[in-house]
Structures are given as structure tokens and as C-alpha cells.
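Trainee: This is the structure alone, sequence omitted:
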């Protein structure tokens, strides 16, 4: 899922832009979410430091804060190198500063015409989605269709897959940020990547996100604190993989 962050100090501007982004994402059924709409750059930085993942950022250049939107972008880039950054400004000439700071912004939106602003928001959203599903990076991502939506996740974000308790024909994909019910079998998932290992008849685990394994109790501890049950055969497989 692509996370969208909006940082704009004008409350009226921020509200209508947030409403438009939410509405567009919902209407187009996109695998995106506006996770933050704020005037506070410190709030943005706290979030990015904790959960950076190649997000889409709409940043007002002239924030009424201790730092500008451009300085905020520099900090974002340190923690989210894959960030797609769009500046919002009333002064197009300020965009020359992005070269001085070497930010590599995706573009900018000039305030004044709300319809043009909407068109540009849609344009940048489409660009990020296209980039996300580009063939060059497809091999690094798990991509599956859920109803009318294409779900994409970095392999590194995926924790495990488990057979749904109430619907045995479904599998639940657990990631570091969400859980999604998908149409797939564990046998199919095992074949997608050598990272995905069957540890139990009802569970496939991503070995890159295993923190530790209790071989006696047959419990797998994942990096986010969750656990998975392992079978005797699953323990044998994990011992071989982990060299234990």
C-alpha cells in the first residue's frame, strides 16, 4: 500500500485537498491511503522515521514553522529514500531551491486554481502507481488482485500467510502494517519466492522477518512481535535454513 502524507499550514487548503485525495483514492479503488494530513512538519518527521516506505508526500513550501517545506523534504529523503515528493507553493521561483538542496522532487503544484490543483494531484498519484507496478520492480514485490484492486507489497514488508479461520478457501496475508484477505493457496505462495517457507500446514512464513525460533515449543517469533505456530516438519525445515 502506498501511503500519502499532506503537510499544509493553511487549514482551509489542507481540508479540501485531503478530502479530494481521500475521495479520489476511494473512487478509483486504489491501493493507497492518506495516512496523515497536518500543518506540523515535526509530526510528519516522527511518522516517517517510524514507518518510511516509499510514500507520496504533498508538502507546502512556505510552512509557518521552524523549517520550510523544502527543509522538511530534505529530512524526509534521509529516512525515506524512495519518497515521491510534490511541493505546494504560491511562488514558482522557489522551486529552484530544490536543485540547491538536491531533493529530486517529482514536481510542484502552484496554488491559485483548485481545478488545476486537482488535475495535478491526480497526475502525481497516477505516476506513483505506474512506478509502483512497473515491470522493473515487479519481481521485488508481491502482487495480487483482490476484487477490483491490485494489492502490492514489498517482500520485506510481508510477515506471513495463514489460512483464514472462517473461510478456509481464503488466505490472510499479514504485513508489518496491515492484513489482507487474498485468493490464493499456501502451495501457490510457497512457489513465489524462496523467502516464503511452509512452517505449518496452515501457515507460510517469510524467513527474512523471523526474529527467533523456539525449537522446543515450536513457536516462531516475528520481527513485529507476532508469533506463528510451527509443525515438527516445519521446525526441521527452519533448522536447515537457519543452520541450527
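Mentor: That came through fine. Quick caveat, the model's predicted, so the values are computed rather than measured.
Trainee: and the residue of the chain positioned farthest from its centre, which of the three is it?
Mentor: In the chain, counting by C-alpha atoms, centre = their mean, residue 216 sits farthest out from the average C-alpha position, at 35.3 Å. When classified by DSSP: H, G, I helix; E, B strand; the rest coil, residue 216 comes out as coil.
Trainee: Okay, buried residues for stretch 150-169 please.
Mentor: Neighbour-count burial for stretch 150-169 flags 151-153, 155, 157-163 (criterion: 16 or more other C-beta atoms under 10 Å). (Glycine included, C-beta is placed from N, CA and C.)
Trainee: can you put those residues in JSON lines and add secondary structure?
Mentor: Below are the buried residues of stretch 150-169 laid out as JSON lines (three-state DSSP):
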{"residue": "151", "secondary structure": "strand"}
{"residue": "152", "secondary structure": "strand"}
{"residue": "153", "secondary structure": "strand"}
{"residue": "155", "secondary structure": "helix"}
{"residue": "157", "secondary structure": "helix"}
{"residue": "158", "secondary structure": "strand"}
{"residue": "159", "secondary structure": "strand"}
{"residue": "160", "secondary structure": "strand"}
{"residue": "161", "secondary structure": "strand"}
{"residue": "162", "secondary structure": "strand"}
{"residue": "163", "secondary structure": "strand"}
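Trainee: Taking those, tell me the two that lie furthest apart.
Mentor: The most widely separated members of those, counting by C-beta to C-beta, are 152 and 163 (22.2 Å).
Trainee: now residue 156, nearest residue through space, not along the chain?
Mentor: Nearest non-adjacent residue to residue 156, counting by C-beta to C-beta, 6 or more residues apart in numbering: residue 208, 6.4 Å away.
Trainee: The one you found - that's part of a helix, no?
Mentor: Yes: checked against three-state DSSP, residue 208 lies within a helix.
Trainee: Could you count how many residues lie near residue 214?
Mentor: Neighbour count of residue 214, defined by other C-beta atoms under 10 Å: 12.
Trainee: Just grab the bridge partners of it for me.
Mentor: As for beta bridges, residue 214 partners with residue 219 under DSSP bridges.
Trainee: Run through the protein and note the low-pLDDT ranges.
Mentor: Within the chain, the segments meeting pLDDT under 70 span 52, 91-103, 133-140, 166-169, 243-244.
Trainee: Need the single longest helix in it, by residues.
Mentor: As assigned by DSSP state H, the longest helix anywhere in the chain is helix 114-132.
Trainee: What residues of that helix count as buried?
Mentor: Neighbour-count burial for helix 114-132, counted by 16+ other C-beta under 10 Å, picks out 117-118, 120-121, 124-125, 128-129, 132.
Trainee: ok so, going back, give me the number of neighbouring residues for the residue nearest to residue 156.
Mentor: For residue 208, the count of nearby residues is 13 (other C-beta under 10 Å).
Trainee: separation between it and residue 198?
Mentor: In this view, residue 208 and residue 198 are 15 Å apart by C-beta to C-beta, to the nearest Å.
Trainee: Next: residue 160.
Mentor: 11 Å.
Trainee: ditto for residue 58
Mentor: Counting by C-beta to C-beta, the gap from residue 58 to residue 198 is 42 Å.
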